[in-house]
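Asker: next come a sequence and a model predicted from it.
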Amino acid sequence: MFLLKKLVAPLLYPVPLCLEILGLGLVCLWFSQRQKLGKTLVSLGTLLLALFSYNPVAQVLLQPLEQKYPGVTETAVQKFQRENAAAPRKWIVVLGGGAASDPRVPLISRLSEASRVRLLEGVRLYREMPGSKLILSGGRVFDPVPEAEIMARVARALGVPQKDILVESLSRDTADEARLIKGLVGSDPVVLVTSAAHLPRSLLLFEKQGLKPLPYPVGHQVKERRGFNREWFFPDAGGLAKTEAAFHEYLGLAWLRLQTRFGGS
């Protein structure tokens with residue numbers, strides 16, 4: 001089921017979806033008499049690809065996910081520390097967002113952009129919270145080295161001592177991460193660091209395990225810019241990447257709701 005999910009879901013992402021519609025349209029145009037249907041499908045695929053690449057459309061899709069939980073202020077972090085001053089441990093959980101163990105690439109560059117941002121913010125937060133410890137999460141999916149191990153190497157290179165790092169390297173998706181991290185932290189207070197768009201789904205899965213973490217969104221892709229912004233006038237790959245991130249999360253949320261509705265785990 002895991003591999004099926006990983007291999008089938010991308011077929012519904014913007015680029016594959018548009019190419020599927022375009023390909024079906026070309027088949028109709030070249031190999032059948034259904035010329036009108038073929039022209040309609042080719043037109044639809046082209047229009048959707050343009051819309052998905054257009055930043056205003058991408059931001060409309062992504063912003064509700066990223067803005068569901070506001071950014072954590074220094075005051076909120078201080079309040080979290082005061083409320084949990086008596087706790088034996090405070091955990092900063094950083095969820096992995098992709099990595100490649102290519103030895104030809106510098107260490108930090110082996111992390112995806114999402115993982116780099118999450119880890120850097122997690123390390124910064126660790127330094128602001130005396131006595132806290134890092135849990136770096138992410139197992140093997142398509143790479144032989146767990147991404148949590150790569151994150152741990154980067155964290156140590158950034159000055160975090162080994163004694164303050166706990167590696168969770170068995171999970172293959174966010175549901176696994178929530179379940180395994182629950183077993184590691186028990187009832188200890190937790191700060192959950194992940195991409196802003198990923199946070200709504202992550203928090204649902206962690207709450208399903210009985211955890212009530214402080215949500216710490218990072219890596220926002222929808223940002224307010226003053227002055228002229230050419231992204232509002234021209235479709236580009238950046239807009240397409242934002243749309244794909246939104247599709248990934250909405251599909252994940254839909255899958256989670258289906259599992260909940262039909263009693264899945």
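Answerer: Ah, there it is.
Asker: just the strands in the stretch 1-150 of the chain please.
Answerer: 90-95, 132-137 (DSSP state E, counting those that start in this stretch).
Asker: the stretch 151-265 of the chain too?
Answerer: Under DSSP E, counting those that start in this stretch, the stretch 151-265 of the chain gives strands at 165-168, 190-195, 214-218.
Asker: which one of the ones you listed is the most hemmed in?
Answerer: strand 190-195 (a mean of 26; mean count of other CB atoms under 10 Å). In this view, the C-beta of every residue, glycine as well, is placed from N, C-alpha and C.
Asker: what's it in contact with?
Answerer: Contacting residues not belonging to strand 190-195 are listed as 72, 80, 90-95, 97, 114, 117-118, 121-122, 125, 129, 132, 181, 199, 202-203, 206, 211-219, 245 [CB atoms under 8 Å, 6 or more residues apart in numbering].
Asker: where does the residue positioned nearest the centre of the chain fall, phi/psi-wise?
Answerer: Centre of the chain computed as the mean C-alpha position; nearest residue by CA atoms, centre = their mean is His198, 4.2 Å away. Here is the backbone geometry of His198 (degrees, to the nearest 10): phi -80, psi -20.
Asker: what is the end-to-end distance of stretch 180-198?
Answerer: Using CA to CA, to the nearest Å, the end-to-end distance of stretch 180-198 comes to 18 Å.
Asker: all helices in the stretch 1-150 of the chain, in order from the N-terminus.
Answerer: 2-8, 14-31, 35-52, 55-66, 74-83, 113-128, 147-157 (DSSP state H, counting those that start in this stretch).
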